[in-house]
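J.: Below are the sequence and a predicted model for it; my questions follow.
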Amino acid sequence: MSRDRSDLVAKEALEVGQKWVETLREELKREGRAVEGGWPGTMSEARARVGGQVSRMLARRRLSPLASEELASASRAAYDHARRTWLALPERW
């Protein structure tokens, strides 16, 4: 995998994680629920989110689809970023 592609996938994975947190946060607010507790996401959700968004980004750039190793690595990066971001949210405290 080229360095440029690797960088694109990694950057997009972090965006997936950030968007995931923002989406969950907004959903809780709309429901009148507090943002509290541990990170509610799962690796299965991360794979689905990354698979969709990163695959669309690669297709727009006319690049080959995600390889299984790329999906696994990008999913872990998105999950880890989302979890860290969630745990650092100021309203949790």
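T.: On my side now, so go ahead. All values derive from a computational prediction rather than experimental measurement. Numbering: from 1, shown residues only.
J.: And the helices in this structure, which stretches?
T.: Counting by DSSP state H, the chain has helices at residues 3-30, 43-60, 68-87.
J.: Return the most buried member of those.
T.: Compared across the helices of the chain, helix 68-87 shows the largest average neighbour count, a mean of 18 (mean count of other C-beta atoms under 10 Å). From N, CA and C alone the C-beta is placed, and that goes for glycine too.
J.: Would you pull up how far that one lies from the middle of the chain?
T.: Centroid separation for helix 68-87 versus its chain: 6 Å, with C-alpha atoms, centre = their mean, to the nearest Å.
J.: okay, E36: pLDDT?
T.: pLDDT for E36: 88.
J.: Flag the shaky bits of the chain, pLDDT-wise.
T.: The model of the chain has pLDDT under 70 over residues 1, 93.
J.: Tell me which of the helices of the chain lies nearest to G37.
T.: Proximity to G37 (C-beta to C-beta) singles out helix 68-87 among the helices of the chain, at 9.2 Å.
J.: Quick check on the residue of the chain most remote from its centre: phi, psi?
T.: For the chain, the residue at maximal distance from the C-alpha centroid (C-alpha atoms, centre = their mean) is G32, at 24.0 Å. Backbone torsions for G32, taken as degrees, to the nearest 10, come to phi 70, psi 20.
J.: Okay, it and Y79: tell me how far apart.
T.: Per C-beta to C-beta, to the nearest Å, G32 is found 27 Å from Y79.
J.: Same check on R30?
T.: Taking C-beta to C-beta, one finds R30 at 24 Å from Y79.
J.: try R56
T.: Separation of R56 from Y79 (C-beta to C-beta) stands at 19 Å.
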